[in-house]
Structures are given as C-alpha cells and as structure tokens.
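[1] this one's sequence-less:
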C-alpha cells in the first residue's frame with residue numbers, strides 16, 4: 001500500500017492513521033493532532049493501536065493533517081498551547097505562547113518572592129498567558145493586562161475565566177489608556193522582529209498576527225516605547241522585564257540605561273540566549 005494515500009475509512013485504526021500521517025508531517029505533530037481528534041491521553045494511542053476510527057474522526061484527522069502540511073501551526077489547529085504547566089486557548093488573533101517566555105514568569109517570582117499585593121501590568125497580553133500565570137503564581141497580585149487588539153483580549157479573558165485567574169483587562173495602545181496608574185512590576189513580550197525579517201514569511205510565524213511580531217526596521221520600536229513610558233508607570237523600586245530577540249540584549253540594556261533604570265541585566269533562556277532584559281526604577285536622580 002502507498003502510505004501517502006490515506007487508508008479507506010472502513011479500515012483505518014490508530015496505528016494506520018499515524019503511519020499515514022507520519023508520511024506527511026512530523027511524528028509528534030501527528031500524535032498531537034490525533035489525540036485532539038479523539039480527545040484522549042497519549043497512553044491510549046500506545047495501548048490500543050488497533051482501535052478503529054469512526055468515519056467522522058478519520059475525516060477530521062485527515063483535514064487537520066492536510067492543513068498542517070499547508071503550514072498551519074499545530075496550536076491553531078488544536079486551539080490550545082501549554083504555558084507554565086497550564087493549557088491556554090489560542091486563536092489566530094494571538095501569538096502562540098512559547099517556552100522562552102516562561103523566563104518572564106520565573107524572574108517575576110524570583111524578584112517578588114514573599115511580597116503580597118504587588119500591582120502587575122502585562123503589556124501586549126495576547127492570549128493572556130503571562131497575566132494569568134502571574135495572577136495564579138504570585139502571592140495575591142493585582143494584575144492588569146492590556147492589548148490594543150479587542151480580539152486578543154477576548155481570548156485572554158476566556159483563558160482567565162477558564163483557569164480561575166483574577167485579571168483586569170484594558171484595551172490600550174501601550175500606556176495610552178492607563179491614566180496615572182502605577183505598578184510594582186511591568187512585564188511584556190512585545191513585538192520585536194524587524195519588519196523586513198525574512199523569518200516572518202517562514203514556518204508557523206506566517207500564520208501569526210503580524211502586529212504581534214514586527215516592530216519597525218530594527219524590531220526595536222515597541223521596546224523603545226515601553227522603556228520610555230515605564231518610569232512614569234512604576235513605583236520607586238519597581239521592576240520592568242522585557243522579552244526581546246536573540247540579538248537585541250545590548251540594545252535593550254542601552255534603552256534601559258538611557259531611561260534611567262538601575263540594576264540593569266539580561267537573563268538567558270534554556271538555550272543559553274539572552275532573551276529577557278530588565279531593570280529597577282529607583283526614581284529620578286539628580
């Protein structure tokens with residue numbers, strides 16, 4: 001049998017479905033998509049490879065595999081992505097949460113351990129992964145999440161409701177709608193890709209919202225805007241942590257220094273890449 005041709009609907013079992021899908025897409029993607037269709041744990045695929053798929057499930061699986069072949073991200077096909085041990089809903093209206101962004105959570109927890117009632121601002125919240133996680137992991141924080149996209153905020157609000165997180169949501173173009181509110185912690189995973197970067201036309205990124213990825217000719221426009229506006233929004237002693245590109249740590253630290261931040265540093269992700277930079281606001285000096 002030519003495994004690139006789908007088996008007939010009346011003969012396909014889990015093993016056959018996976019064997020065909022592996023000729024089309026990555027093995028892990030094939031398993032994730034089949035688990036999504038069958039709504040089953042991974043162990044079931046191993047324990048019952050002879051289990052026959054009903055026609056509807058087989059048709060749905062073939063459709064998802066074909067869409068994956070066309071390049072659609074698995075997270076958009078399943079509608080979910082794990083972040084910091086929790087499952088978040090994602091749609092094409094939001095950036096897909098990535099493991100390296102968990103570094104922002106780890107830094108927040110390390111710098112605010114034992115502190116209660118910290119006011120937290122998540123800028124460009126997207127799916128709400130950062131805001132929701134910080135609301136659940138920190139000790140009674142007051143979390144505000146903002147995004148300029150109404151569609152993204154709908155996704156974030158749904159995630160907060162599903163996971164039981166107390167988060168307030170604001171539609172805003174960065175700081176514009178915040179009035180004179182101040183925070184002890186500001187975090188952001190803003191757009192930081194150069195507008196002409198060829199990677200924007202490759203892989204999963206092609207399907208993600210461009211407004212959540214690209215930020216000017218060098219990818220620094222939004223980082224610069226956030227750093228410039230953060231001092232007025234931070235209490236004395238407050239922290240700002242920003243995710244950025246693999247080659248932007250020097251530029252990010254320079255922006256922080258120019259804005260008057262102290263304790264400026266960059267931190268590496270699990271791949272050893274300087275992925276987050278930040279600093280502490282100690283008030284205007286001199």
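    Nice, thanks for sending it over. Quantities reported herein were computed from a predicted structural model and do not represent experimental measurements.
[2] so what secondary structure elements neighbour the helix or strand hosting residue 61?
    Per DSSP states H and E: residue 61 is located in helix 55-69. Packing partners of helix 55-69 (3 or more C-beta pairs under 8 Å, 6 or more residues apart in numbering; DSSP states H and E): helix 14-21, helix 27-38, helix 74-78. For the C-beta atoms, the positions are set from N, CA and C on the backbone; glycine is no exception.
[3] okay, these in JSON lines with mean neighbour count and distance to residue 127 next?
    Below are these laid out as JSON lines (neighbours: other C-beta atoms under 10 Å; distance: least, C-beta to C-beta, whole Å):
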{"stretch": "helix 14-21", "mean neighbour count": "20", "distance to residue 127": "27"}
{"stretch": "helix 27-38", "mean neighbour count": "18", "distance to residue 127": "18"}
{"stretch": "helix 74-78", "mean neighbour count": "20", "distance to residue 127": "10"}
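[4] out of these, nearest to residue 115?
    helix 74-78 (33.0 Å; C-beta to C-beta).
[5] partners of the next helix or strand after that closest one in the sheet?
    Per DSSP H and E, the first helix or strand lying C-terminal to helix 74-78 is strand 80-83. Strand 80-83 has the following strand partners under DSSP bridges: strand 86-89 (antiparallel).
[6] may I see the buried residues of the partner strand?
    The neighbour-count check on strand 86-89 (16 or more other C-beta atoms under 10 Å) flags 86, 88, 89 as buried.
[7] for that strand, give the mean pLDDT please.
    Over the span of strand 86-89, the pLDDT mean works out to 97.
[8] just how off-centre is that strand within its chain?
    10 Å (C-alpha atoms, centre = their mean, to the nearest Å).
[9] helices and strands around the helix or strand just after that strand, which ones?
    In the C-terminal direction, the helix or strand that comes right after strand 86-89 (DSSP H and E) is helix 102-111. For helix 102-111, the elements it packs on are helix 129-137, strand 183-188, strand 234-243, strand 274-281, judged by 3+ C-beta pairs under 8 Å, 6+ apart.
[10] columns mean pLDDT on top of the helices and strands packed on helix 55-69, output as JSON lines?
    Putting the helices and strands packed on helix 55-69 into JSON lines (pLDDT from 0 to 100) gives the following:
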{"stretch": "helix 14-21", "mean pLDDT": "90"}
{"stretch": "helix 27-38", "mean pLDDT": "92"}
{"stretch": "helix 74-78", "mean pLDDT": "94"}
